[in-house]
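> Take a look and give me a structure for this.
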Amino acid sequence: RLASAASVDPIGAFAPTLPTWFLIPFLLATILSVVSGAVFNLYSSGLNLLALGIRIPRWTAVTIDGVLMVIGGVYLIFVAPTFFAPVQSFLIVIGVVTAAWSAIFVTDLFLHRKSGYVRDDLYTPRGSYGGFNAAGVVSIVLAIGVGLGLVTSADENIRTVLGYLLSPADAA
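Numbering: from 1, shown residues only. Next up is the predicted model:
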C-alpha cells in the first residue's frame with residue numbers, strides 16, 4: 001500500500017507514517033537534496049553541452065539545461081499520472097543510449113588494442129583521427145534507433161515513440 005501511494009505522491013505518502021515534528025526536517029532535507037542535485041546537474045550538463053562544441057557562454061548553456069529541467073519537473077508533477085512510469089522511462093532511454101555508446105567504445109578499444117591510440121591526436125581535429133569519425137556517428141545513431149525500437153515503457157506519453165520495431169503483441 002505504501003509503495004503504490006509513493007508511486008503517485010512520493011512525499012505525501014510518508015506524511016501519515018511520520019511523527020508531525022519530523023515533517024519540517026524531512027521537508028528541509030528533501031528541498032536541500034533537490035536543490036543540491038539540481039545545481040550539480042546544471043553544472044555537469046552545462047559543461048557537457050559546451051563539450052559538444054557549441055559556442056555559447058556558460059550561463060546560456062546552464063539556462064538551456066535549467067529550462068529543460070523545469071519542463072521535466074512540470075511534466076512529472078502536473079502531467080504524468082504516476083511518478084514511477086516517467087522515471088522508469090527516462091532510465092530506459094538513458095540505458096539505451098549508454099549501452100550504444102559503451103558498445104561502440106569497447107569495439108573501438110578492441111580495434112586499437114595492438115597499435116594503441118596516439119594520445120596527442122585525440123585532442124585535436126587536425127590529428128590522425130580527424131574532427132569526428134563518420135562510422136562512429138552512424139553507428140551510434142543506428143544503435144540508438146534500434147535500441148529505442150526494441151524497448152517499451154509504462155508511461156503512455158512516451159510509449160508511442162518507443163518499441164516501434166516490436167509487433168503489437170510484443171509491445172504489450
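> Please make it C-alpha for all contacts and neighbour counts, starting now.
Fine.
> Helices of the chain, start to end?
Assigned by DSSP state H, the chain shows helices spanning 2-8, 23-51, 58-74, 84-111, 119-122, 134-149, 156-159, 168-171.
> buried ones in stretch 76-95?
By neighbour count on 16 or more other Cα atoms under 10 Å, the buried set for stretch 76-95 is 76, 80, 81, 82, 83, 84, 85, 86, 89, 92, 93.
> And the helices of the chain, which one averages the lowest pLDDT?
Least confident of the helices of the chain, judged by mean pLDDT, is helix 168-171 with a mean of 64.
> Report the two of the buried residues of stretch 76-95 separated the most.
81 and 93 (19.2 Å; Cα to Cα).
> Against residue 9, how distant is the residue nearest the centre of the chain?
Ranked by distance to the mean C-alpha position of the chain (Cα atoms, centre = their mean), the top residue is residue 94 at 4.4 Å. Going from residue 94 to residue 9 by Cα to Cα, to the nearest Å gives 24 Å.
> Also residue 95?
25 Å.
> got it, and residue 67?
Residue 67 is 23 Å from residue 9, by Cα to Cα.
> Could you check which of those two is surrounded by more residues?
Legend: neighbour count by other Cα atoms under 10 Å for residue 67 and residue 9, higher for residue 9 (15 against 11).
> excluding its backbone neighbours, what's nearest the more buried one?
With Cα to Cα, 6 or more residues apart in numbering as the criterion, residue 9 has its nearest non-adjacent residue at 7.1 Å, and that residue is residue 83.
> Would you confirm that the one you found contacts residue 75?
No. Residue 83 lies out of contact with residue 75 (Cα atoms under 8 Å); the separation is 9.9 Å.
> before we move on, back to that, export the helices of the chain to JSON lines and append columns for distance to residue 17.
Putting the helices of the chain into JSON lines (distance: least, Cα to Cα, whole Å) gives the following:
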{"stretch": "helix 2-8", "distance to residue 17": "9"}
{"stretch": "helix 23-51", "distance to residue 17": "10"}
{"stretch": "helix 58-74", "distance to residue 17": "26"}
{"stretch": "helix 84-111", "distance to residue 17": "21"}
{"stretch": "helix 119-122", "distance to residue 17": "55"}
{"stretch": "helix 134-149", "distance to residue 17": "40"}
{"stretch": "helix 156-159", "distance to residue 17": "31"}
{"stretch": "helix 168-171", "distance to residue 17": "38"}
